[in-house]
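Trainee: Output the structure for:
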Amino acid sequence: MTAATAYLNARLIDPATGADQRGGLIVEGGLIKDLGPGVTRASAGDLPVRDCTGLAIVPGLIDMRVFVGEPGSEHRETLKSGSRAAAAGGVTRMIVMPNTAPIIDDQALVDFILRRAREKAVVHVTPAAAITRGCAGTALSEMGLLAEAGAAYFTDGDRAVPTAQMMLRALTYARNFDLLVADLPLEPTLAAGADMNRGELATRLGLKGLAPAAETIIIERDLRLAELTGARLHLGPIASAEALEPIARAKAKGLPVTASTTAAHLMLNENDLVPYLTYRKLMPPLRTEDDRRALVEAVECGVIDVVVSGHDPQPPETKRLPFAQAAPGGTGLETLLTAVLAPVHAGEAGLIEMLRTVTVAPASLLGLPSGRLSLGAPADLALVDLEEPWVISADQQYSRAKNTPLDGRRVQGRVRETIVAGRRVFSEGKHDDAR
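Mentor: Presented below is the predicted three-dimensional model:
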């Protein structure tokens with residue numbers, strides 16, 4: 001049981017209600033016991049006090065797309081190192097992808113991740129389970145049993161379900177258990193060997209480009225199947241403006257469809273790859289500035305529901321290669337909140353709208369009570385200086401991998417403290433755990 005603490009003189013921001021007010025917050029027993037303007041030093045009594053002058057308190061971030069190497073590739077990232085990176089970025093819950101070795105497609109592996117996380121991780125960790133066995137796209141996993149074991153949702157992670165027939169089976173199964181199915185909208189035969197966005201820049205750089213059609217082909221297919229089955233479908237990460245149009249139409253029709261993009265796609269465009277910067281090679285690729293602006297606008301109007309880090313640590317031997325040979329992927333847990341704030345500081349988006357994508361929106365999708373500042377809610381919190389300027393440095397990251405696509409970027413907004421279930425796990429650049 002954690003000690004009760006009063007957090008005073010803070011800016012309280014709750015994306016669930018749109019509330020943005022000055023006040024305090026009392027944490028007791030891992031829950032929010034009281035909050036609002038009425039929580040002052042006088043009302044706190046004898047409780048230990050944390051003065052939050054100059055800081056905002058926001059719900060702890062929920063990252064729905066995190067790749068780690070455990071089990072099987074611990075040199076990339078472990079649950080311990082990944083969770084420490086998450087805590088440094090204000091992320092209090094991360095959903096880890098099933099693309100490990102072995103693939104998370106069995107109840108015992110779901111249980112392994114949950115138990116291992118309880119032993120080693122400093123934030124909440126929940127595994128997503130594979131839609132198909134081995135993520136091979138040929139046989140459906142036991143989704144109902146995996147959900148009972150604790151899987152957050154279902155995805156084949158870094159690959160799309162390859163055939164319409166298999167996706168139809170998955171959505172039909174999921175509908176019967178009210179499960180969430182997430183698909184990566186990249187047609188696999190088009191995406192194979194692609195390096196970056198298709199266009200003039202790819203031609204000048206001599207790299208293989210990937211057209212937005214690779215996204216829309218899968219999106220159109222999956223939306224038709226979602227309409228046929230009535231199952232809950234999540235699409236992402238989305239990278240192009242073209243891919244947003246069918247999603248917007250599906251939402252207008254009332255289909256249970258949601259979508260995500262990555263924080264990097266809200267900050268960067270294809271020009272940031274020059275000259276052949278492999279740590280910015282992502283999949284889906286960074287696209288044009290018009291695409292980036294369209295993604296920000298899609299967040300503002302609700303076409304994009306969730307922003308994820310897409311945290312995908314890669315060791316130097318897979319990144320320090322010629323561009324065409326380098327593996328795609330970049331870290332992002334430690335910079336998720338900062339990246340989400342970037343469009344706010346640029347005057348492109350509202351603060352509440354951006355924070356919603358990493359708090360209450362993923363919480364609602366996953367059926368979690370967190371992601372909000374309300375009485376009785378879990379005390380998963382981030383204390384943030386919304387204005388602090390700093391320069392992102394890959395060398396200073398807590399992740400085992402240092403391949404952040406935002407290396408060297410000048411940004412504003414930094415996490416000062418992270419609280420998980422009422423317990424401080426990160427404060428002023430240091431972790432407070434003994435794990």
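Trainee: Helices of the stretch 151-300 of the chain, start to end?
Mentor: 164-177, 188-191, 200-205, 213-229, 241-252, 263-267, 289-301 (DSSP state H, counting those that start in this stretch).
Trainee: Contact partners for the closest residue to Ser240 other than its chain neighbours?
Mentor: Once flanking residues are discounted, Ser240 sits nearest to Pro212: 3.7 Å by C-beta to C-beta, 6 or more residues apart in numbering. Glycine gets a C-beta too; all of them are placed from N, C-alpha and C. Pro212 makes contact with 239-243, 287, 291 under the criterion C-beta atoms under 8 Å, 6 or more residues apart in numbering.
Trainee: same thing with Gly69?
Mentor: If a contact means C-beta under 8 Å, 6+ apart, then Gly69 has 75-78, 100, 313, 400 as its contacts.
Trainee: Would you format the contacts of Pro212 as TSV with distance to Ala149 included?
Mentor: What follows is these, written out as TSV (distance: C-beta to C-beta, whole Å):
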residue	distance to Ala149
Ala239	32
Ser240	35
Ala241	39
Glu242	38
Ala243	33
Arg287	37
Asp291	38
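Trainee: can you list those residues in a markdown table and add pLDDT and neighbour count?
Mentor: Supplementary listing: the contacts of Pro212 in a markdown table, determined by pLDDT from 0 to 100; neighbours: other C-beta atoms under 10 Å:
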| residue | pLDDT | neighbour count |
| --- | --- | --- |
| Ala239 | 98 | 29 |
| Ser240 | 98 | 28 |
| Ala241 | 98 | 18 |
| Glu242 | 98 | 17 |
| Ala243 | 98 | 31 |
| Arg287 | 98 | 27 |
| Asp291 | 98 | 21 |
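Trainee: circling back to that earlier point, dump the contacts of Gly69 to JSON lines, plus distance to Val123, neighbour count and pLDDT.
Mentor: As requested, the contacts of Gly69 are exported to JSON lines (distance: C-beta to C-beta, whole Å; neighbours: other C-beta atoms under 10 Å; pLDDT from 0 to 100):
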{"residue": "His75", "distance to Val123": "21", "neighbour count": "12", "pLDDT": "92"}
{"residue": "Arg76", "distance to Val123": "18", "neighbour count": "22", "pLDDT": "94"}
{"residue": "Glu77", "distance to Val123": "14", "neighbour count": "27", "pLDDT": "96"}
{"residue": "Thr78", "distance to Val123": "13", "neighbour count": "20", "pLDDT": "97"}
{"residue": "Thr100", "distance to Val123": "18", "neighbour count": "24", "pLDDT": "97"}
{"residue": "Pro313", "distance to Val123": "16", "neighbour count": "30", "pLDDT": "95"}
{"residue": "Arg400", "distance to Val123": "16", "neighbour count": "20", "pLDDT": "94"}
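Trainee: Of all pairs in those, which one is the farthest apart?
Mentor: By the measure C-beta to C-beta, those have their two most distant members at Thr100 and Arg400, which lie 14.8 Å apart.
Trainee: tell me the phi and psi of Arg11?
Mentor: Note on Arg11: its backbone torsions stand at phi -90, psi 110 [degrees, to the nearest 10].
Trainee: can you pull the contacts of the spatially closest residue to it that is not a sequence neighbour?
Mentor: Among residues not flanking Arg11 along the chain, Ala56 sits closest, at 4.2 Å (C-beta to C-beta, 6+ apart). If a contact means C-beta under 8 Å, 6+ apart, then Ala56 has 10-13, 383-386 as its contacts.
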